[in-house]
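>>> sequence isn't available, so here's the structure alone:
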């Protein structure tokens with residue numbers, strides 16, 4: 001049993017990293033078209049975080 005817990009933690013950590021990478025890719029794709037979209041996306045995200 002003690003050997004299994006590290007494996008699960010590693011899997012969870014990898015999944016968490018993958019999700020963060022996917023989010024970064026999505027944000028990057030949204031930002032690439034125009035500079036104006038960058039400011040709007042940043043404002044939207046800040047408002048969402050305040051909520």
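Nice, thanks for sending it over. These numbers come from a predicted model, not from an experiment.
>>> CA only for contacts and neighbour counts going forward, please
Noted.
>>> give me the buried positions along the lengthiest helix in the chain.
Across the chain, the longest stretch assigned as helix under DSSP state H is helix 4-31. By 16 or more other C-alpha atoms under 10 Å, the buried positions in helix 4-31 come out as residue 31.
>>> okay, and for this protein, where does confidence drop off?
Applying pLDDT under 70 to the chain flags residues 1-4, 32-51.
>>> that older thread, so which elements touch the longest helix of the chain?
Other elements packing on helix 4-31 under the criterion 3 or more C-alpha pairs under 8 Å, 6 or more residues apart in numbering; DSSP states H and E are helix 35-50.
>>> if I look at residue 20, how far off is residue 13?
11 Å (C-alpha to C-alpha, to the nearest Å).
>>> should've said residue 31
Taking C-alpha to C-alpha, one finds residue 31 at 27 Å from residue 13.
>>> contacting residues for residue 12?
Contact analysis of residue 12 by C-alpha atoms under 8 Å, 6 or more residues apart in numbering lists nothing.
>>> and it, how far is that from residue 29?
Taking C-alpha to C-alpha, one finds residue 12 at 26 Å from residue 29.
>>> same thing with residue 19?
Using C-alpha to C-alpha, one gets 15 Å for the distance from residue 19 to residue 29.
>>> for residue 14, give me its contacts.
Under the contact definition (C-alpha under 8 Å, 6+ apart), no residues are listed for residue 14.
>>> repeat that for 10 Å
By C-alpha atoms under 10 Å, 6 or more residues apart in numbering, the residues touching residue 14 are 8, 20.
>>> state the distance from it to residue 29.
For residue 14, the distance to residue 29 - C-alpha to C-alpha - is 22 Å.
>>> again, but for residue 13
Taken as C-alpha to C-alpha, the span from residue 13 to residue 29 is 24 Å.
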